[in-house]
Structures are given as C-alpha cells and as structure tokens.
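Trainee: Next input, structure requested:
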Amino acid sequence: MAASSVPPRAVVIGGGIGGLTAALALHRRGWQVTVLERARSLAPVGAAISLAPNSLRALDVVGLGDEIRALAAWQGDGGLRTPDGRWLTRSSAHALAERFGGPLVLLHRATLVDALRARLPEDLVRTSAPATLAEPGDADRPARVTTPDGAWDADLVVASDGVDSAVRPVLFPRHPGPAYAGFTTWRVVIPVPGAEFASHETWGRGRIWGTHPLKDGRVYAYAAAVTPPGRRAPDDEKAELLRLFGDWHDPVPAVLAAARPEDVLRHDVHHLAEPLPAYHRGRVALLGDAAHAMPPTLGQGGNQAVEDAIVLAHFQAPGATGAQGAAITAGLAEYTAARLPRTTAIARQAGKAARLNMMTGRAPTAVRDAMVAALSKAAPTLLLRSFDGIADWRPPGPPYASGQTPAGKQ
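Mentor: Numbers count the residues shown, from 1 in each chain. Predicted structure coming up:
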C-alpha cells in the first residue's frame with residue numbers, strides 16, 4: 001500500500017524558545033504543526049539568554065544561526081571576581097571561540113523568540129490556548145490534546161511547557177516533580193549610562209552577581225542568593241538587591257542605581273533533581289525544562305532545549321513520506337536515547353556548580369576562591385575546560401529537507 005500523501009500533524013504545547021525551535025524544525029521537515037501557547041502573547045517572561053556554540057550550531061540546522069550571531073553580543077572577555085573586585089580568573093572570547101568552534105553570545109530572549117516566530121507561518125501559533133494532554137497515544141493511535149475550543153488529534157505532541165509542566169505528570173505520574181534548588185534569582189535588562197566594565201560573574205558567600213553588555217547598549221545583570229523558597233522582599237526587590245549587593249564592586253552599584261523596582265524580576269529556582277526514566281511516552285515528547293530542568297549555573301537550560309528540538313525533529317521522518325505511528329514512536333525512542341544521557345550529565349554538572357558557587361560558609365568560601373585563583377594561574381584554560389563535552393556538541397545526521405547540511409558535518 002502506498003504511503004499517505006497527507007503530512008503528519010504535530011501539536012506543540014508551549015510557545016517558548018524550545019517549543020518554537022521544535023515547531024520550526026518539524027515545519028521544515030514537512031510536518032503540519034500547531035503551537036498552542038497558554039499566554040496571551042509570545043513575549044517571554046525573562047531577560048537575556050546566553051547561547052553557546054552548541055545551540056548556535058543547532059540553530060544553523062534551521063537556518064537561524066547566523067542571524068542570531070549578528071543580533072547578539074559576543075561574550076567571553078571578562079572573568080570571575082570576588083565582591084571586593086579582585087579577579088579570580090580571566091576569560092577570552094577568542095580563546096572560547098577557538099576551543100569550541102564558535103562564540104558564546106548574549107541577547108534578549110524576546111529577540112530570539114521574535115526571530116523564531118518570524119520564520120513560521122502566521123497561523124501556525126495560537127496564543128491564549130491552554131492545552132491539556134488527554135491521551136498520549138501509541139503506535140496504533142494518535143495522541144489527543146484538548147483546549148477550551150476543542151480537541152486535537154496529533155501524530156506527535158511536543159510538550160515544551162516548562163519546569164511546572166502539566167504534561168510530565170500525565171506521562172510519569174510517579175515522578176516526584178521539580179524540587180527547590182536552594183536559591184532564588186533576580187534579573188534586569190536596563191540602560192546604565194556611563195557604565196564601563198568587563199563582563200563578569202562575582203561569587204560571594206551564598207550570593208552571586210553577573211553583569212554583561214548587550215549589543216543594543218543595555219546591560220543584562222543577574223543575581224542569586226541562598227534563601228528559603230517563596231520568600232519575598234518586605235518592600236521591593238530593588239531594595240532587597242541593595243541590601244545584598246549594594247557594597248559590591250563596580251559596576252554593581254551603578255546597575256542598582258539605574259534599576260527601577262519594576263525592572264527587577266525575581267524567581268525561585270526549581271529543577272528536576274531526579275531524572276526522568278525517558279523523555280517520551282506513546283506519541284508525546286518532553287522537551288527543555290519539562291524534561292530536564294536544571295539550575296542556571298552553566299547557562300545551558302535554554303541551550304539544551306534548542307538541542308532537544310533539533311534532535312527530536314531529526315529522528316522524525318519528513319512529512320512527505322507519510323510517516324506512520326510505528327516510525328514516529330521509534331523516532332521518539334531514539335530521541336530519548338540521544339538526549340537523556342547528555343542532559344542528565346549536564347544537569348548534574350550544573351548542580352555541582354551551584355553547590356560550589358553558592359557556598360555559604362566563610363572558611364569553605366575562602367578555600368574555594370583560593371583554589372580557583374591558583375588553578376587559574378596554573379591552568380589558564382581551566383574555566384573553558386569545564387565546557388568540554390558541552391559547548392563542542394554538534395547536531396546529528398544527514399541533511400534536512402532544505403538540503404542544508406548541519407554545521408560541522410560537511
């Protein structure tokens with residue numbers, strides 16, 4: 001019997017970076033795709049995102065890598081400091097690009113979301129569309145997603161609905177779900193007139209701060225501190241940052257002076273401390289934070305979501321072949337086999353990094369700083385080496401439907 005000429009249908013739950021990348025990758029493979037986003041718009045709640053060479057190469061697969069490199073600020077010149085301003089390590093953008101085959105870049109999340117959205121058909125994304133997984137399906141029957149406007153049968157469902165995923169407990173009801181990582185974060189993206197600085201991350205006792213320039217002239221700053229979950233400032237979050245970081249080295253005071261209370265975003269950090277047994281069940285794939293939420297200490301959360309999306313699409317036959325249920329579920333098994341070991345290892349490394357840079361004891365913190373400084377002098381590439389096996393990742397396999405070969409595989 002000839003294969004059906006009707007392309008298979010994918011429903012993507014969640015219109016964030018991972019979900020939109022998956023939608024674009026599947027769309028380019030010939031799938032009919034619909035993105036269902038609960039929020040009223042795709043404007044991301046967040047600030048900036050760093051994209052390492054691994055995720056930029058993934059974006060090359062869908063023809064977006066060079067555009068993002070051009071829109072973003074290249075990062076790398078700077079290093080790690082102590083609250084009084086002393087440098088523990090120095091880093092080089094050139095050395096990073098040489099080691100990993102490309103730059104580390106920084107841009108606002110909205111810029112990346114807009115670039116992804118612009119490459120998708122206008123009617124592909126539906127906002128104000130909360131979705132529920134009603135049936136995960138199997139090789140013989142499609143999955144089913146319900147919304148207030150009706151139900152969708154789908155050959156494939158991609159759940160990119162975040163750390164608090166509603167799909168994940170449907171697939172794995174015995175998994176304990178996300179756990180508090182032990183610290184909260186603050187983020188701002190603002191203009192800071194007259195501020196001159198090198199990109200840096202600063203480690204204190206149970207507190208960190210980072211400051212980085214964006215290409216549009218604004219400054220991205222983030223902070224974190226060990227605190228009980230759910231706690232909020234008695235006045236406002238800018239005042240809380242002033243209490244915690246107001247006496248740290250320049251340019252921290254200048255950033256705080258330029259920030260308004262409404263500029264400051266605060267979120268407790270939750271992660272999946274216990275890995276999932278798989279990233280799929282039936283015809284449903286989990287992607288990004290829904291599959292492997294990790295502390296932000298390696299800056300790899302969004303990067304891994306982009307990788308997930310490209311690998312997921314790679315293991316799904318192009319729509320023109322009329323892919324059937326058995327092929328779809330086999331592709332999902334390959335997706336889990338490719339992604340679960342890698343993301344689990346990176347999540348564990350991020351957890352170790354969090355324990356190191358969020359130390360609270362005075363003596364352990366002093367020992368940590370001394371060791372980092374000494375090792376940096378003895379081995380100047382120490383900081384870069386921690387990203388071996390992460391930033392040097394390359395996308396899998398054969399050319400996509402566009403005829404373009406993934407970067408690094410030519």
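Trainee: what about His212, is that helix, strand or coil?
Mentor: When the structure is reduced to helix, strand and coil (DSSP: H, G, I helix; E, B strand; the rest coil), His212 reads as strand.
Trainee: Val255: which element?
Mentor: For Val255, the host element (DSSP states H and E) is helix 252-258.
Trainee: List the buried residues in that helix.
Mentor: Using 16 or more other Cβ atoms under 10 Å as the test for burial, helix 252-258 gives 252, 254-256, 258. To be clear about C-beta, it is placed using only N, CA and C from the backbone, and glycine gets the same treatment.
Trainee: can you check stretch 345-359 too?
Mentor: Neighbour counts over stretch 345-359 (16+ other Cβ under 10 Å) mark 346-347, 349-351, 353-354, 357-359 as buried.
Trainee: quick revisit: now do the helix holding Val255: everything it contacts.
Mentor: Outside of helix 252-258, the residues that reach it under the criterion Cβ atoms under 8 Å, 6 or more residues apart in numbering are 188, 190-195, 202, 209, 211, 219, 221, 238, 241-242, 245-247.
Trainee: again, only this time at 7 Å
Mentor: Helix 252-258 is contacted from outside by 190-192, 195, 209, 211, 219, 221, 238, 241-242, 245-246, using Cβ atoms under 7 Å, 6 or more residues apart in numbering.
Trainee: average pLDDT for it?
Mentor: Summarised as a single mean, pLDDT over helix 252-258 is 97.
Trainee: Return that helix as CSV; C-alpha atoms alone will do.
Mentor: The C-alpha atoms that make up helix 252-258 are tabulated as CSV, following Å, rounded to 0.1, in the frame of the first residue of the first chain:
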residue,chain,number,x,y,z
VAL,A,252,27.2,46.6,40.6
PRO,A,253,26.3,49.9,42.5
ALA,A,254,25.8,51.7,39.1
VAL,A,255,23.4,49.0,37.9
LEU,A,256,21.4,49.1,41.0
ALA,A,257,21.2,52.8,40.9
ALA,A,258,19.9,52.7,37.3
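Trainee: Flag the least confident of the buried residues of stretch 345-359.
Mentor: Across the buried residues of stretch 345-359, the member with the lowest pLDDT is Asn357, scoring 93.
Trainee: Identify the residue nearest that residue in space, chain neighbours excluded?
Mentor: The spatially closest residue to Asn357, leaving aside those adjacent along the chain, is Trp203, at 5.0 Å (Cβ to Cβ, 6 or more residues apart in numbering).
Trainee: spatially speaking, which residue is in the middle of the protein?
Mentor: The structure's the chain has its C-alpha centroid closest to Gly302; by Cα atoms, centre = their mean the separation is 1.0 Å.
Trainee: Work out for me the element it sits within.
Mentor: In this structure, Gly302 is located in helix 301-314 according to DSSP H and E.
Trainee: what element comes up after that helix heading to the C-terminus?
Mentor: Taking DSSP H and E as the definition, the helix or strand that follows helix 301-314 towards the C-terminus is helix 325-357.
Trainee: which strands and helices sit next to the next helix or strand after that following helix?
Mentor: For helix 325-357, the following helix or strand on the C-terminal side (DSSP H and E) is helix 362-378. Using 3 or more Cβ pairs under 7 Å, 6 or more residues apart in numbering; DSSP states H and E as the contact test, the elements touching helix 362-378 are strand 87-91.
Trainee: hmm, try it at 10 Å
Mentor: Contact here means 3 or more Cβ pairs under 10 Å, 6 or more residues apart in numbering; DSSP states H and E; on that basis helix 362-378 packs against strand 78-81, strand 87-91, strand 199-203, helix 325-357, helix 382-385.
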